[in-house]
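K.L.:
Predicted model and sequence below, questions to follow.
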Number of protein chains: 2
Amino acid sequence: MDHPPGRTPARVKDRPTWLISRTFARSSGLLAAGFESRGRGLRSYHYRLLAALDEWGPASQADLGRGTGIDRSDVTAALSELESRRLVERSVDPAHRRRNIVTITQAGVEQLLELDNVIDGVQEQVLKPLTTAQRRQFIALMAKLLATEDESPNG
Amino acid sequence: MDHPPGRTPARVKDRPTWLISRTFARSSGLLAAGFESRGRGLRSYHYRLLAALDEWGPASQADLGRGTGIDRSDVTAALSELESRRLVERSVDPAHRRRNIVTITQAGVEQLLELDNVIDGVQEQVLKPLTTAQRRQFIALMAKLLATEDESPNG
DNA sequence: TAGGCTATGTTGGTCGGGCCAACATAGACT
DNA sequence: AGTCTATGTTGGCCCGACCAACATAGCCTA
């Protein structure tokens, strides 16, 4: 993730795609460190699922997948891990017996709050080199960069 | 990579780390598409290695690894693939018989130029939503974000 | 009512980028 | 001579992201 002595080939090092990938590496490295130190072995999928359940209330696995952008199969796996930690409960939807209704537990809510803190700290670390105004700019630029995605599928 | 109907949990969707990860997903998706269409099955490791060899001249695998930030073992694998396509040649360093001297071939240079074109096109696609001034800002902000890495190891 | 279609959860893969451990051995340094 | 480091290589792991296939529940329609 670091390659510090790094010269980096010239045709690589100034390209936006390269900067983006380094930025992501930095961000996800800090995130991973945060999860490792206070995340009890959970990963980003778990956080996204807990967050979705907390905000949207109980949901089926398929809905969770659609809402979070996580593949159905990965949702299944991640939920099993959350369930074994009692952070989440699965029950069959009586109206639709093929469907599971997933609910966040009290312990899940608490874990989520803890992860919130970890992640908020990481935001600070990631943006540390920038001034407040620059942070705002940076965020706005990324938002604009991504805005197309929402409007035109496959855009 | 897309998750278009995506609402995305609120505590997730506005965090810089999330925007960074989406930006990266967009960028690397476009890159992958470019490599697939005109990259003859090569991937980013191959490009980085070819670029390094082209710019720095023949080098040992260890030096390539250090220069590009690619792990020694991955350098070995990627070079084998490049070698089998005749884009690169390995020869034993007579002065240090444990060391390989890797050289880019003419075909390698040509492939590199082709990849350059592909990748330049991707830069354009990635930044398309931004104005020229915004692109400059965005690049400058990322450069600043990453500048710490060079100065303080593990920073 | 029977047949087909879709949605759901699950299993079991693949891939790329990034790591790490272990090993044999070539050179260097003591 | 003995130790230490550097090199290339093999083989593994992890995470995030996909995909294919499957059984089956529920639907909608011929």
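P.N.:
All right, it came through fine. Numbers count the residues shown, from 1 in each chain, chains lettered A, B, ... in the order given.

K.L.:
Quick one: name the residues of chain A near DNA strand C.
P.N.:
Within chain A, the positions near DNA strand C by Cβ under 7 Å from any atom of the strand are A:1-3, A:21, A:25, A:29, A:60-63, A:65, A:72-73, A:75-77, A:79-80, A:90, A:96, A:98-100. Heads up, the C-betas are built off the backbone N, CA and C, glycines and all.

K.L.:
got the end-to-end distance for stretch A:47-64?
P.N.:
Start and end residues of stretch A:47-64 are separated by 12 Å (Cα to Cα, to the nearest Å).

K.L.:
Any stretches of chain A with poor pLDDT?
P.N.:
For chain A, the stretches flagged by pLDDT under 70 are A:1-7, A:149-155.

K.L.:
what's the residue closest to the geometric middle of it?
P.N.:
Note on chain A: the residue nearest the mean C-alpha position is A:Ser44, at 4.5 Å, using Cα atoms, centre = their mean.

K.L.:
returning to what we had before: so which of the residues of chain A next to DNA strand C sit within strands?
P.N.:
Here DSSP state E is the test, and these give A:90, A:100 as lying in strands.

K.L.:
Weed out the non-buried ones from the residues of chain A next to DNA strand C.
P.N.:
Using 16 or more other Cβ atoms under 10 Å in any protein chain shown as the burial test, the residues of chain A next to DNA strand C include A:3, A:21, A:25, A:60-61, A:63, A:65, A:75, A:79, A:99-100 as buried.

K.L.:
Looking at the residues you listed, which is nearest A:Gly108?
P.N.:
When these are ranked by distance to A:Gly108 (Cβ to Cβ), A:Leu79 comes first, at 11.0 Å.

K.L.:
what residues are up against that closest one?
P.N.:
With contacts defined as Cβ atoms under 8 Å, 6 or more residues apart in numbering or on different chains, A:Leu79 is in contact with A:49, A:61, A:64, A:88, A:90, A:102.

K.L.:
I'd like these as TSV, with distance to A:Arg15 appended.
P.N.:
TSV is the format used below for the contacts of A:Leu79 (distance: Cβ to Cβ, whole Å):
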residue	distance to A:Arg15
A:Leu49	34
A:Gln61	39
A:Leu64	36
A:Val88	41
A:Arg90	45
A:Val102	42
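
K.L.:
which one of these is nearest A:Leu127?
P.N.:
Distance to A:Leu127 across these (Cβ to Cβ) is lowest for A:Leu49, with 25.6 Å.

K.L.:
Can you get me a residue count around A:Asp116?
P.N.:
Neighbours of A:Asp116 under the rule other Cβ atoms under 10 Å in any protein chain shown: 16.

K.L.:
returning to that earlier point: wait, the residue nearest to the centre of chain A sits on A:Leu31?
P.N.:
Yes. With contact defined as Cβ atoms under 8 Å, A:Ser44 counts as touching A:Leu31 (7.0 Å).

K.L.:
what are the ranges of the helices in chain A?
P.N.:
Along chain A, counting by DSSP state H, helices occupy A:10-13, A:16-38, A:44-56, A:61-68, A:72-84, A:106-127, A:132-151.

K.L.:
Please identify the most buried of the ones you listed.
P.N.:
Ranked by mean neighbour count under mean count of other Cβ atoms under 10 Å in any protein chain shown, those are led by helix A:44-56, which reaches a mean of 22.

K.L.:
and that one with helix A:61-68, angle?
P.N.:
If you take axes from the mean of the first three to the mean of the last three Cα atoms, to 10 degrees, helix A:44-56 sits at 100 degrees to helix A:61-68.

K.L.:
May I have stretch A:87-98 as PDB, with CA atoms only?
P.N.:
Provided in PDB are the C-alpha atoms of stretch A:87-98 (Å, rounded to 0.1, in the frame of the first residue of the first chain):
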ATOM      1  CA  LEU A  87     -25.300  -8.500  16.000                       C
ATOM      2  CA  VAL A  88     -28.200  -9.400  13.700                       C
ATOM      3  CA  GLU A  89     -31.100 -11.800  13.700                       C
ATOM      4  CA  ARG A  90     -32.600 -13.700  10.800                       C
ATOM      5  CA  SER A  91     -36.200 -14.800  10.800                       C
ATOM      6  CA  VAL A  92     -38.500 -16.100   8.000                       C
ATOM      7  CA  ASP A  93     -41.000 -13.700   6.600                       C
ATOM      8  CA  PRO A  94     -44.300 -15.300   7.400                       C
ATOM      9  CA  ALA A  95     -45.900 -13.700   4.400                       C
ATOM     10  CA  HIS A  96     -43.200 -14.800   2.100                       C
ATOM     11  CA  ARG A  97     -41.600 -18.000   3.400                       C
ATOM     12  CA  ARG A  98     -38.800 -17.900   1.000                       C
END
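
K.L.:
restrict the residues of chain A next to DNA strand C to contacts with DNA strand D.
P.N.:
Restricting the residues of chain A next to DNA strand C to those near DNA strand D by Cβ under 7 Å from any atom of the strand leaves A:72-73, A:96, A:98.

K.L.:
Export the residues you listed as JSON lines, with columns for distance to A:Arg136.
P.N.:
Compiled in JSON lines, those are given as follows (distance: Cβ to Cβ, whole Å):
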{"residue": "A:Arg72", "distance to A:Arg136": "37"}
{"residue": "A:Ser73", "distance to A:Arg136": "38"}
{"residue": "A:His96", "distance to A:Arg136": "45"}
{"residue": "A:Arg98", "distance to A:Arg136": "46"}
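
K.L.:
Done for today, thanks.
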